[in-house]
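**Q** Show me the folded form of this:
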Amino acid sequence: MNNNTLSTKFLGCDSNFSAADIVIFGAPYDGTTTFRPGTRFAPSTMRMESIGIETYSPYFDADITDFQVNDYGDLDLPFGSPEKALKMISETSKIIFDSNKKPLMIGGEHLVSLPVIEQAVKKYPDLKIIHFDAHTDLREDYLGEALSHSSVIRRAWDILGDNRIWQFGIRSGTREEFYWSREGHTNMCLYNFDTLCTAVKEISDSPVYLTIDLDVLDPSNFPGTGTPEAGGVSFTDLITALKTVSELNIIGADIVELSPHYDHSGASTALACKVLREVIITMSK
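**A** Presented below is the predicted three-dimensional model:
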């Protein structure tokens, strides 16, 4: 079942698949990246660097070893074929959902979220999405290609329709994307998480898929990404947002768009590892 060739698992995620409630897997794909590539290296780098953090979170007063978490490994995705790569991610997500477990995917570029969302809505027809990102990702296409990390949330909207997607931290996109959202297609909070508490109340106990593009963070906090955007949130802001959404019924999540080699200090990878730790706990609350 596991295509991971590494001996290293993410720190503290040692449960076997059958016993796990949460299953981590990597989707090392960046074939539609529109600016600087490199997110394909994020999953394996995060595993190797996770030894630099602790399993205990002082933010949540919880330890990821308190929970049953399996590291399924990285998928061997074909670089040149987005359709084939998305199909492999979809098949893996289906295995996890059909086993009544929660997928937690490490990307990769943001397009890898789409097949997980497609499988999530099959299991949970009333699914809602919470999206943290610097970018709208609402293009109809990018240079004529409908499958792009620039259009992933628009493709999710194609599946879900209006009033089921909440976006936070957004500060970059085309004029058309912002206007299209304002027509009532998505609920967009610009620059920060100010309306997140209201969204949590509106969503209530509905099943939620949480997708986190790490470039929601300000590049002064997180330079290791392919499309850095000034004016982002702080790490502390992101932790507060995760505490807020921990009240929700999160049935799956992903963390995408770390490009480790753009930050040779390793600080961006260390931050991404801590975010993954906090998301595990958020999903387990």
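
**Q** Could I get the phi/psi values of the closest residue to residue 97 other than its chain neighbours?
**A** The shortest distance from residue 97 to any non-neighbouring residue, by C-beta to C-beta, 6 or more residues apart in numbering, is to residue 123 (4.8 Å). Bear in mind the C-beta positions are built from the backbone N, C-alpha and C, glycine included. Backbone torsions for residue 123, taken as degrees, to the nearest 10, come to phi -80, psi -30.

**Q** Residue 117 is in contact with residue 209, isn't it?
**A** Yes: between residue 117 and residue 209 a contact is recorded at 5.7 Å, counting by C-beta atoms under 8 Å.

**Q** Pull up the overlap in contacts between those two.
**A** A shared contact of residue 117 and residue 209, defined by C-beta atoms under 8 Å, 6 or more residues apart in numbering, is any residue touching both; here these are 127, 129.

**Q** where along this protein do the strands fall?
**A** 22-27, 56-57, 62-63, 69-74, 102-107, 128-132, 165-170, 187-190, 207-213, 249-256 (DSSP state E).

**Q** now for the last one, which elements pack on it?
**A** Here strand 249-256 is seen to pack against strand 102-107, helix 113-123, strand 207-213, helix 267-284 when contacts are counted using 3 or more C-beta pairs under 8 Å, 6 or more residues apart in numbering; DSSP states H and E.

**Q** Report the angle between that strand and strand 128-132.
**A** Inter-element angle recorded for strand 249-256 and strand 128-132: 40 degrees (by axes from the mean of the first three to the mean of the last three C-alpha atoms, to 10 degrees).

**Q** Each with direction, which strands does strand 249-256 pair with?
**A** Paired with strand 249-256 in the same sheet, following DSSP bridges, are strand 102-107 (parallel), strand 207-213 (parallel).

**Q** try the second one
**A** As defined by DSSP bridges, the strand partners of strand 56-57 come to strand 62-63 (antiparallel).

**Q** residues in contact with the strand it pairs with?
**A** By C-beta under 8 Å, 6+ apart, the residues outside strand 62-63 that reach it are 12, 55, 56, 57, 281, 284.

**Q** export the residues you listed to TSV and tack on distance to residue 35, neighbour count and pLDDT?
**A** Compiled in TSV, the contacts of strand 62-63 are given as follows (distance: C-beta to C-beta, whole Å; neighbours: other C-beta atoms under 10 Å; pLDDT from 0 to 100):
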residue	distance to residue 35	neighbour count	pLDDT
12	33	20	95
55	34	16	98
56	36	16	98
57	32	20	98
281	32	22	98
284	34	18	95
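
**Q** Which pair of those spans the longest distance?
**A** Among these, the pair separated by the greatest distance (C-beta to C-beta) is 56 and 284, at 13.8 Å.

**Q** for the strands paired with strand 249-256, which one sits closest to residue 248?
**A** Nearest to residue 248, of all those, is strand 207-213, at 4.7 Å by C-beta to C-beta.
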